[in-house]
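J.: build me a model:
(one chain, ligands or ions: 1)
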Amino acid sequence: MKLLINGEWRDAVSGKTFSVRNPATGEVIGEAPLGGEDDVRWAVEAAGEAFADWSARRPRDRAKVLFLAAEEVRRRNTDLAALLTAEQGKPIREAVDEINGFANILEYYHALSAGEQGEFMDLRGYGRTIVQRRPLGICGAIIPWNMPAIIMGWKIGPALTAGNTVVLKPATTAPLTCTKLAEILEDAGLPPGVLNIVTGSGETVGREIARDPAIRKVSFTGEAGTGRQVALDAAPALKRLTLELGGSDPMIVCDDADIPMAVEGVVRGRFYNCGQVCTAVKRLYVYESVADEFIRRLTSRVETIVVGNGMDRGVGMGPLNNRAGLERVMRQVDTARERGEGMIITGGRAPRGEEYERGLFFLPTLVAGLPHDSPLFSEEVFGPVLPIATVSGIDEAIERANHSRYGLGASVWTRSADVIARATEGLEAGIVWVNQHLKIPPEVPFGGTKESGIGRENGSRALEEYMEEKVVLIRL
Ligand code: NAD
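T.: A predicted model of the protein is given here:
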């Protein structure tokens, strides 16, 4: 694999590479160039040169490239999904969904490109007024490893449709799928320099993208701490920022909830992608009156989840993506154990057996009876561990749910219109689901409140986040 700069596939200036490993087996599945500051500057130069032509094209001509790429991505879904599973670890059916999700996003922005690009106002006393929308210029995109294809789509879909050029940095543990997707975009007709991919570490490539003053906007997805650093690095050049950061989504199960449906909601909400989703269910609040029954049913169901290599048939949950993430989750569980907090009902350790020895596996884990101030509630747990607490009713549930520095997603499971009204009003989150959790269609604005981020991606207004308005006042 190479860097993509100005339409050419090149080695990094350093000449060095880093290995990408399959988290299920530990095997090296590819090498990626170890880019650095010089490579970013090179990519920025290419993106700057490409901007004049790309931004001058008609929006529908730009978006046509995305549409053609989406078709090809769908055609090659099987291979792309296998690559995604190999580097990221998720079960193959989740990878197939994610690759389709990337194509959906590109098609969505293709459809939006037909829409209005500006406004006209006839303001008495001022004259005829035109509000033009213009692309910003070069945009930086820094993405994590958990949903690399979807998050790449959320960034390049609106950025490229709006007429910007992009320098994108994938995560070091999942750069291969992003690079393949970029290759497909190139083959679909994306001109050289419009999308540049620089692989390498956050400390070098990521920070240079945040700092380089020629990059007018940075869209970052990752941890809140890293987001803070990106904001500081971007501050001197007063760049536009979109920060999609961590979450600790609460799920509230009321006494009138459809219990089997809510059990399935937890299984998908918490254990999808081995719990490594920003909007995963990370805290469960169950009404006391139904807690025993709910936890009993949930435990039986969770114990049926087959853990293993995402390529194997029947596997419901793969490994974690990287060792640092696995160690952090293990530490969080051990801390609860050492503090004598709560009870591990199931899981709490790596699965045993030869097939698990080389991979980064951890069992689906439920911890109940925790005090509300447990670190398992206050920290983001980015893995397959679910802390559970009971609540007396919706007022306490909302209060507990909001007691977090994060505010990304939240869900309430009930049949009561009154409870739905109170929860949707009271929960502090960018997205509130009722009787579901996790789904984010391309049409909806997505982002967090509080320390979960700044700005929104996805949906039609994401285009505006990649555009600047210029007003022209004409007195005739
Ligand atoms: P991370 O912050 O460690 O890394 C994200 C990206 O930033 C990687 O490409 C990394 O190399 C790069 N990076 C690291 N240090 C950097 C720096 N100083 N400057 C610039 N770039 C730097 O996050 P991660 O572990 O890859 O991802 C997991 C986190 O992402 C979780 O907190 C999760 O909740 C969050 N996330 C949020 C969303 C959302 O939309 N809100 C979506 C997915 C994941």
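J.: the chain against the ligand: which residues are in contact?
T.: Residues of the chain lying near the ligand by Cβ under 6 Å from any ligand atom: 142-147, 151, 169, 171-172, 202-203, 206-207, 210, 221-223, 226, 229-230, 244-247, 278, 380, 382, 408, 448, 453. (C-beta placed from N, C-alpha, C; glycine too.)
J.: swap the cut-off to 5 Å and go again
T.: Proximity of the chain to the ligand is confined to 142, 144-145, 171, 202, 206-207, 221-223, 226, 229, 244, 246, 278 under the rule Cβ under 5 Å from any ligand atom.
J.: residues contacting Arg297?
T.: Applying Cβ atoms under 8 Å, 6 or more residues apart in numbering to Arg297 gives the contacts Ile259, Pro260, Val263.
J.: ramachandran angles for the residue of the stretch 1-150 of the chain found nearest the ligand?
T.: Closest residue of the stretch 1-150 of the chain to the ligand, Cβ to the nearest ligand atom: Pro144 (3.1 Å). Main-chain torsions, Pro144, degrees, to the nearest 10: phi -90, psi -170.
J.: tell me how far the residue lying closest to it once chain neighbours are set aside lies from Ile156.
T.: Among residues not flanking Pro144 along the chain, Gly222 sits closest, at 4.7 Å (Cβ to Cβ, 6 or more residues apart in numbering). Distance, Gly222 to Ile156, by Cβ to Cβ, to the nearest Å: 17 Å.
J.: list the contacts of the residue nearest to Pro144.
T.: With Cβ under 8 Å, 6+ apart, Gly222 has these contacts: Ile142, Ile143, Pro144, Gly202, Glu244, Leu245.
J.: the last one contacts Gln229, correct?
T.: No - using Cβ atoms under 8 Å as the test, Leu245 is too far from Gln229 to be in contact (11.5 Å).
J.: those two: which is more packed in?
T.: Leu245 (25 against 17; other Cβ atoms under 10 Å).
J.: ChimeraX command for the buried members of the residues of the chain next to the ligand?
T.: In ChimeraX syntax, the buried subset of the residues of the chain next to the ligand is picked out as below (16 or more other Cβ atoms under 10 Å):
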select :142,144,145,171,202,206,207,221,222,226,229,244,246,278
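J.: between the residues of the chain next to the ligand, which is nearest Val131?
T.: Distance to Val131, by Cβ to Cβ, is smallest for Glu244 among the residues of the chain next to the ligand, at 27.4 Å.
J.: tell me if I'm right that that closest one and Phe220 touch.
T.: Yes - taking contacts as Cβ under 8 Å, Glu244 lies within contact range of Phe220: 7.1 Å.
J.: parallel or antiparallel, list what pairs with the least confident helix or strand in the chain by mean pLDDT.
T.: The weakest-scoring helix or strand in the chain, judged by mean pLDDT, DSSP states H and E, is strand 118-123 (a mean of 90). Next to strand 118-123 in the sheet, as set by DSSP bridges, lie strand 127-135 (antiparallel).
J.: list the buried residues in the partner strand.
T.: Arg133, Pro135.
J.: what's the first helix or strand after it?
T.: Moving toward the C-terminus from strand 127-135, the next helix or strand (DSSP states H and E) is strand 138-142.
J.: pull out the buried residues from the following helix or strand past that following strand.
T.: Using DSSP H and E, the helix or strand that follows strand 138-142 in sequence is helix 148-161. Within helix 148-161, the residues that qualify as buried are 148-161, counting by 16+ other Cβ under 10 Å.
J.: pretty sure the residue of the stretch 1-150 of the chain closest to the ligand sits against Ile150.
T.: No - with contact defined as Cβ under 8 Å, Pro144 does not reach Ile150; the gap is 10.6 Å.
J.: quick one, phi psi at Val20?
T.: According to degrees, to the nearest 10, Val20 has phi -110, psi 130.
J.: list the contacts for the closest residue to it other than its chain neighbours?
T.: Nearest residue to Val20 in three dimensions, chain neighbours excluded: Gly30, at 4.6 Å (Cβ to Cβ, 6+ apart). Gly30 is in contact with Met1, Ser19, Val20, Glu87, Leu176, counting by Cβ under 8 Å, 6+ apart.
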